[in-house]
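> build me a structure from this.
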Amino acid sequence: MLSREQVRDFHVDGFLAIDQPLIDDNEIARLREIYDEMFAQRAGRADGNQFDLAGADDPDAPAVLPQILHPDRYYTALKGPYLDAIGAIARQLLGPTVVTEIFHAILKPAGIGAPTPWHQDEAYWEPDRQYRSASIWMPLQPATIDNGCLWFMKGSHEWDVLPHQSIGANKKVHGLELVDASVVHDPVACPLPAGGVTIHRNRTVHFAGPNRTGAARRALVFSASLPDEPRIGARRFPWNEEKQTSREQRAQDSGESRWQLSPASKRER
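Below is the predicted model of the structure:
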């Protein structure tokens, strides 16, 4: 159970860190074994669901920020009783009808793991929808400033979606970054033990640093979402329309969407 203060802080700040592990050491070890296997096998690559978030996604080059969308499609053993705790947290923060699921996994390899630049999750999604969701981020080893814990900008969940671009303004890179990161001030770092979690809203501006350590930084990300609704008022996310990534092509060839859909949109369509 979350305290009244934790629920309040989430809604005021746009994020919450829980530094008590939700799962025990045996379950963490089990998940890590599965996690390492699915990245070694590049699970989901043919569908466009495995790709290098921060690089050009060259299959012959080491990925500096590999990601797998919907990893439990490929490794169903990722599911477990711990998802009940994830769901209980989401219901306390977003209400009894929220739906939770494993959304993606992001790996920062030892030594070469790239930073995840300042961005808002909603910038990846379809622009004609109104979203009410949160991401729940759980490391499978301690997450530290040195290996890439998350940082947040308080109150940024109340902002509109800001202009983004592909990382480094390279349209061949799938990952996004704020065009103007100078809007971020007084960011809050959230180191965690293995099995702790952070929760943030779909517009909360956040960042993760590079992995400068000799061990991989592993994280599972869960979605907590209420149904999307059609958006009143047109908007465009040109940064997604302009992408020319191999990931987009693989997704189209396999029948996946060209967008990185929000979890709710993915269920409904």
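
> what's the closest residue to residue 58 other than its chain neighbours in contact with, if anything?
Of all residues not flanking residue 58 in the chain, residue 52 sits nearest, at 7.7 Å (CB to CB, 6 or more residues apart in numbering). Yep, even glycine has a C-beta here, placed from its N, CA and C like the rest. Residue 52 sits next to 58, 63, 64, 65, 66, 67, 174 when contact means CB atoms under 8 Å, 6 or more residues apart in numbering.

> switch the cut-off to 7 Å
Neighbour list for residue 52: 63, 64, 65, 66 [criterion: CB atoms under 7 Å, 6 or more residues apart in numbering].

> and the gap between the nearest residue to residue 113 once chain neighbours are set aside and residue 78?
Spatial nearest neighbour of residue 113, excluding adjacent residues (CB to CB, 6+ apart): residue 211 at 3.0 Å. Counting by CB to CB, to the nearest Å, the gap from residue 211 to residue 78 is 22 Å.

> what segments of this protein are helices?
4-13, 25-40, 82-94, 238-241, 246-254, 263-268 (DSSP state H).

> among the contacts of residue 52, which ones are in strands?
residue 66 (DSSP state E).

> quick one: residue 129 from residue 122, how far?
9 Å.

> those two - which one has more neighbours?
Using other CB atoms under 10 Å, the more surrounded residue of residue 129 and residue 122 is residue 122, with 23 against 17.

> identify the residues contacting that one.
Counting by CB under 7 Å, 6+ apart, residue 122 makes contact with 131, 161, 202, 203.

> looking at those, which one is closest to residue 13?
residue 203 (12.5 Å; CB to CB).

> in the stretch 1-150 of the chain, which spans are strands?
For the stretch 1-150 of the chain, the strands defined by DSSP state E, counting those that start in this stretch cover 15-18, 50-52, 66-69, 99-108, 116-119, 129-130, 133-139, 150-152.

> export these to JSON lines and append columns for mean pLDDT and distance to residue 232.
Shown next, in JSON lines, are the strands of the stretch 1-150 of the chain (pLDDT from 0 to 100; distance: least, CB to CB, whole Å):
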{"stretch": "strand 15-18", "mean pLDDT": "98", "distance to residue 232": "27"}
{"stretch": "strand 50-52", "mean pLDDT": "96", "distance to residue 232": "33"}
{"stretch": "strand 66-69", "mean pLDDT": "97", "distance to residue 232": "29"}
{"stretch": "strand 99-108", "mean pLDDT": "97", "distance to residue 232": "23"}
{"stretch": "strand 116-119", "mean pLDDT": "98", "distance to residue 232": "25"}
{"stretch": "strand 129-130", "mean pLDDT": "95", "distance to residue 232": "8"}
{"stretch": "strand 133-139", "mean pLDDT": "98", "distance to residue 232": "18"}
{"stretch": "strand 150-152", "mean pLDDT": "98", "distance to residue 232": "28"}
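
> rebuild those strands as JSON lines, extending it with distance to residue 243.
Putting the strands of the stretch 1-150 of the chain into JSON lines (distance: least, CB to CB, whole Å) gives the following:
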{"stretch": "strand 15-18", "distance to residue 243": "27"}
{"stretch": "strand 50-52", "distance to residue 243": "11"}
{"stretch": "strand 66-69", "distance to residue 243": "15"}
{"stretch": "strand 99-108", "distance to residue 243": "17"}
{"stretch": "strand 116-119", "distance to residue 243": "14"}
{"stretch": "strand 129-130", "distance to residue 243": "19"}
{"stretch": "strand 133-139", "distance to residue 243": "21"}
{"stretch": "strand 150-152", "distance to residue 243": "24"}
